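# Prediction below, plus the sequence it came from.
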Amino acid sequence: MTAIIIDGKARATALRESVAAEVAGFVAAHGRAPGLTVVLVGDDPASAVYVRNKGRETLAAGMVSGEHRLPASVSEAEVLALVAALNADEAIDGILVQLPLPRHIDADRVLAAINPAKDVDGFHPVNAGRLATGLDALVPCTPTGCLLLIEEALGNLSGKEALVIGRSNIVGKPMAALLTARSATVTIAHSRTVDLAGHVARAEILVAAVGVPHLVKGEWIRPGACVIDVGMNRVATADGKSRLTGDVDYDGALARAGWITPVPGGVGPMTIACLLANTLKAARARLG
Ligand code: NAD
């Protein structure tokens, strides 16, 4: 068997186009575009690239893009004051504080200060709780994108064996909640899991969100499984450069999986597309 390679780029383009079309309708109805504002603290180069891409895609979807860049030396109180000002700004529908924050700033406190109705990253405890209890919520973008890819491949997920590797609040936990809500039978594996290979062998749906290159071996994978590789690991190449690779041994997995996402070009592009969709959703909800 050779896996079908899931084209996350194409799927994300289609989603961005449909969001842009709906934004045009929103503008016609309400006389203004949804607004997304990103807060970037410090000079982490990867974060700067993400923020630039988010700004570009926000504008391309017809929305208003705002950006606040603060130096790494900024105090937590100053960040909280900025979040409060953005909460109070009627023209802003979505607020995103780019992680990671410098160590002297308590990220949990900052995320909890965002108005849950503008929390387009879905990291606020209110949104996490709403997702966990089956209420409508702003759901984290990466697992939302993963779910779209999985459902497109498999259709109905009811009763499927799913394994999520990783239990972060950003990916693993919300991914497990989304799959549970679709009636999959979900196992969460993490750094203390015994016999990861045994769990992988049972999974019809495998989502790897760890950050360890090629942790999941091709021969572990259940034949025909849908493999979603969230990992984005920069590894050195023989020519002294570097490249991105996932948490799954892609070449080994290709021969056993039914579907697989490449890295790059799989999950990554879906994240920003889902962020745009969340911003539109927040804008609609705020206008009732
Ligand atoms: P994290 O570090 O917060 O969490 C990693 C999880 O992996 C933890 O829950 C830990 O228990 C688990 N883990 C660590 N070692 C393990 C092992 N040996 N076996 C099983 N589980 C183990 O990371 P995160 O924020 O959830 O991100 C995970 C990966 O996904 C990273 O590579 C990150 O860059 C990537 N990511 C990609 C996107 C995207 O848009 N494509 C978005 C977010 C994160």
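Received it, and whenever you're ready, just let me know what you need.
# Can you check the pLDDT for residue 137?
Residue 137 is assigned 98 on the pLDDT scale.
# Could you check which helix or strand contains the closest residue to it other than its chain neighbours?
In this structure, residue 137 finds its nearest non-sequential neighbour in residue 130, 3.6 Å apart by CB to CB, 6 or more residues apart in numbering. In short, each C-beta sits where N, CA and C put it, glycine included. Using DSSP states H and E, residue 130 maps to helix 125-132.
# my read: the residue nearest to residue 137 touches residue 136, true?
Yes: counting by CB atoms under 8 Å, residue 130 does reach residue 136; the two are 6.8 Å apart.
# Between those two, point out the one with more neighbours.
residue 130 (17 against 10; other CB atoms under 10 Å).
# residues touching the closest residue to residue 141 other than its chain neighbours, list them.
In this structure, residue 141 finds its nearest non-sequential neighbour in residue 274, 3.9 Å apart by CB to CB, 6+ apart. Listed by CB atoms under 8 Å, 6 or more residues apart in numbering, the contact partners of residue 274 are 15, 141-142, 144-145, 148.
# partner strands of the helix or strand harbouring residue 38, parallel or antiparallel?
Assessed by DSSP H and E, residue 38 sits inside strand 35-41. Its sheet considered, strand 35-41 pairs with strand 64-70 (parallel), strand 94-97 (parallel) by DSSP bridges.
# Deepest-packed of these, please.
Of all these, strand 94-97 has the most neighbours on average by mean count of other CB atoms under 10 Å, namely a mean of 27.
# chain center to that one: distance?
14 Å (CA atoms, centre = their mean, to the nearest Å).
# buried residues in the next helix or strand after that strand?
Sequence-wise, the next helix or strand downstream of strand 94-97 (DSSP H and E) is helix 107-113. Residues 107, 110-113 are the ones in helix 107-113 that count as buried (16 or more other CB atoms under 10 Å).
# just stretch 276-288 next, same as before
So for stretch 276-288, counting by 16+ other CB under 10 Å, buried means 276-283.
# quick revisit: what about the residue nearest to residue 137, distance to residue 138?
The span separating residue 130 from residue 138 equals 8 Å under the rule CB to CB, to the nearest Å.
# neighbours around whichever residue of the stretch 1-150 of the chain sits closest to the ligand, how many?
Residue of the stretch 1-150 of the chain nearest the ligand, by CB to the nearest ligand atom: residue 142 (4.0 Å). Neighbourhood size, residue 142 [other CB under 10 Å]: 25.
# That one against residue 171, yeah?
Yes: in terms of CB under 8 Å, residue 142 counts as a neighbour of residue 171; the distance is 5.2 Å.
# shared neighbours of those two, anything?
Taking CB under 8 Å, 6+ apart as the contact rule, residue 142 and residue 171 both touch 209, 230.
# Can the biggest helix by length in the chain be said to contact the ligand?
Determined from DSSP state H, the single longest helix within the chain is helix 8-30. No: judged by CB under 6 Å from any ligand atom, helix 8-30 makes no contact with the ligand; its nearest approach is 8.8 Å.
# before we move on, back to that, let's have the buried residues of helix 107-113 in JSON lines, adding distance to the ligand and pLDDT.
Conversion of those to JSON lines gives the following (distance: CB to the nearest ligand atom, whole Å; pLDDT from 0 to 100):
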{"residue": "107", "distance to the ligand": "11", "pLDDT": "98"}
{"residue": "110", "distance to the ligand": "16", "pLDDT": "98"}
{"residue": "111", "distance to the ligand": "14", "pLDDT": "98"}
{"residue": "112", "distance to the ligand": "18", "pLDDT": "98"}
{"residue": "113", "distance to the ligand": "21", "pLDDT": "98"}
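# what's the helix or strand for the residue of the stretch 1-150 of the chain closest to the ligand?
Per DSSP H and E: helix 141-154 holds residue 142.
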